[in-house]
Every structure is written in structure tokens, then in C-alpha cells.
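K.L.:
all I have is the shape, not the residue letters:
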């Protein structure tokens, strides 16, 4: 049998920082409780006592609202805000699961991993982990949903991740080719995926733009119906880089060899060893491999993916 929750401790008065912390934990324990199906505060607290009784020891009633009603306002505000934030951050997951199933997933996730950050930016940071731990919320599309959660969180990190001074051709002067190391920008995200979720999200955004009227002059045959849905992607392994340029997020597909080279650079290997990682073990470079690698590095330099090693 599950162990009963510890009794909520509420100090009789707040006269120290320790008592203030205890009071804050009591308020948080009530405000962060999931709402009922009718979007109301649960009638019992986590320790089993009536919520009305616990609320009466925390909040004073007003001339119009009881203590429970006053606290319920904050309970609803918290849940509506965090659910709205996840709703905006996860268009791919919503498209796969549908609004109702996504809402159930989001509520279960926030119960297991409530917000611990002063910013909503970090709210979906553990969603992929939760999907892997509790697959019942996403069956039979758990693998696809796990990829989408990783990909959508990677966009957040790419958007406002740290940037360091770019690596320039001048940095190659006097460098020992055998020991030269490059580094990748911290905001650059490299993902190995089981599904082509980059194309899927692009299709969802295009459909959303059409439904909002951003392409109202498009021929009628190209306008999606209100109930049309973007088909779920079929399984297809791919590698994608998520990066930013001029304040905008971009996705770039990577050939397998290119992905291996970039991950080796990120792992801190010398450039010569990183290049070797792009070759299949025990095989010679295919014809034209050198030209392809040069083209990759030229593109990566132009996009600013390399930075000076620390």
C-alpha cells in the first residue's frame, strides 16, 4: 500500500526565515495540487485533511470570498499558466496525441515533475524523460512522442543558449594540424532521431499558418479543411542539427558521416580523429569524400557553428 503523505506543517506565526520557508511549502503544496475535472480545487489536501480546513489556517477570508475560494484562485492560475505554456511549446506532441490526450500527458508530467525554475522556459526540459518513464500516456506513439519532446526542447535551447566567439581562419595560424581542436557553439543541438520530426513540425506550422489566414490568397484547393491533420511521420532514422541565425531557429539535416564528425568535435577529439570518426570502421574513404567534407566545413563555418575552444 502507498505510504500516506506527510502532514502539512503550518507555523502558527512566521517569525523566522525557517518558519517562512515552512509556510511557503504549505502554500505551494496546495497551489500545485492538480485541479479537479471541473477546474476546481481538490477538496482534500495531499495529507488527507479537508482542503477547506488547511486553507483556513493559511489565508484569511474576505468580505466576498472564503479562505478556500481565495486560495483556489491561485491554484487555478498556476495550472492554467503552466498548461498554457506547455501547450505553446509542444505543437508536435499536440498534433500526434490530440488536445485531450496531450492535456492528460501534461498534467501527469507536471505532477511528477512540477516546475522548479523561476522561468517557464525550463518547463518542458524533462518531458522526454517522463515520456520514456511513463509510456502509457503516449501509447502507441511513444517513440515518436519521445523524439518530438527532445526536438521541441532542443529548439528552446538553441534559441537562447549561450554563444561564444566564432572560430575564424586566423585561429588556424601556427596551429599544429595533428593536435588542432575545434569546438561547437553551445546553442547548437545535434539529435539522432528515429522519426523525421523536423519535416513533420514544418508541415504543422505551414498548416497552422494557412488556418490562421496567413495565406488567404492561396487557391481554394490548397487550403486545408479545419479538420484536416498532418499525417504522422513514418519511422525513418535521421540526424538533425538545430541552430539559430540572426535570431531565428533553423533545422538542418546531416548525413550520418557529418553527424559523427560533429559529435566527435563536441566530445573534444582532435580534428584529425574527429574526421576519422566520419569514416566507417575499417573502410577507405569513398570517392569524392574529401570534397564533401570540405563542403560541410565550409557551410558550418558560414553558419557560425564553430567557436574558439575554452
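P.N.:
Happy to help now that I have it. Remember, it's a predicted structure, so these values are computed and weren't measured experimentally. Numbers count the residues shown, from 1 in each chain.
K.L.:
give me the element residue 190 is part of.
P.N.:
strand 189-193 (DSSP states H and E).
K.L.:
chain center to whichever helix or strand comes after that strand, what's the gap?
P.N.:
Where DSSP H and E defines the elements, the next helix or strand beyond strand 189-193 is helix 197-211. Computed by C-alpha atoms, centre = their mean, to the nearest Å, the chain-centroid distance of helix 197-211 equals 18 Å.
K.L.:
in helix 197-211, what's buried?
P.N.:
For helix 197-211, burial by neighbour count (16 or more other C-beta atoms under 10 Å) applies to 197, 198, 199, 200, 201, 204, 207, 210. Just so you know, the C-beta spots here come from the backbone N, C-alpha and C atoms, and that holds for glycine as well.
K.L.:
follow-up on the earlier one: listing partners with orientation, what would you give for the strand holding residue 190?
P.N.:
strand 238-245 (antiparallel) (DSSP bridges).
K.L.:
let me see the ranges of the strands in the chain.
P.N.:
Per DSSP state E, the chain carries strands over the ranges 183-184, 189-193, 238-245, 248-254, 306-307.
K.L.:
nearest to residue 40, out of the ones you listed?
P.N.:
Relative to residue 40, the nearest member of the strands of the chain by C-beta to C-beta is strand 248-254, separated by 38.4 Å.
K.L.:
now the strand holding residue 190 against helix 197-211, angle please.
P.N.:
100 degrees (axes from the mean of the first three to the mean of the last three C-alpha atoms, to 10 degrees).
K.L.:
and strand 189-193, how far from the chain's centre?
P.N.:
Distance of strand 189-193 from the chain centroid (C-alpha atoms, centre = their mean) equals 13 Å.
K.L.:
buried sites along it?
P.N.:
Within strand 189-193, the residues scored as buried using 16+ other C-beta under 10 Å are 189, 190, 191, 193.
K.L.:
tabulate the buried residues of helix 197-211 (a markdown table), appending pLDDT and distance to residue 40.
P.N.:
Output for the buried residues of helix 197-211, formatted as a markdown table (pLDDT from 0 to 100; distance: C-beta to C-beta, whole Å):
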| residue | pLDDT | distance to residue 40 |
| --- | --- | --- |
| 197 | 97 | 37 |
| 198 | 96 | 41 |
| 199 | 95 | 42 |
| 200 | 96 | 37 |
| 201 | 95 | 35 |
| 204 | 93 | 33 |
| 207 | 84 | 35 |
| 210 | 75 | 38 |
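K.L.:
contacts for the longest helix along the chain?
P.N.:
Scanning the chain for the longest helix, with DSSP state H as the assignment, gives helix 67-89. Helix 67-89 is touched from outside by 27, 30-35, 39-41, 51-52, 55-56, 58-62, 65, 94, 102-103, 106-107, 109-110, 115, 120, 123-124, 127, 152, 156, with contacts defined as C-beta atoms under 8 Å, 6 or more residues apart in numbering.
K.L.:
how does it look with 7 Å?
P.N.:
30-35, 39-41, 51-52, 55-56, 58-62, 94, 103, 106, 110, 115, 120, 123-124, 152, 156 (C-beta atoms under 7 Å, 6 or more residues apart in numbering).
K.L.:
likewise stretch 257-266?
P.N.:
So stretch 257-266 is contacted by 182, 184, 190, 192, 239, 273, 274, 275, 277, 278, 296 (C-beta under 7 Å, 6+ apart).
K.L.:
next: stretch 19-32.
P.N.:
Contacts for stretch 19-32 (C-beta under 7 Å, 6+ apart): 8-11, 14, 45-46, 51, 54-55, 58, 71, 74-75, 78, 114.
K.L.:
any buried residues in it, and which?
P.N.:
So, applying 16+ other C-beta under 10 Å, buried residues of stretch 19-32: 23, 26, 27, 29, 30, 31, 32.
K.L.:
what's the pLDDT at the residue in the chain sticking out farthest from the centre?
P.N.:
Note on the chain: the largest C-alpha distance from the chain mean falls to residue 63, namely 43.3 Å (C-alpha atoms, centre = their mean). At residue 63, the predicted lDDT confidence score is 90.
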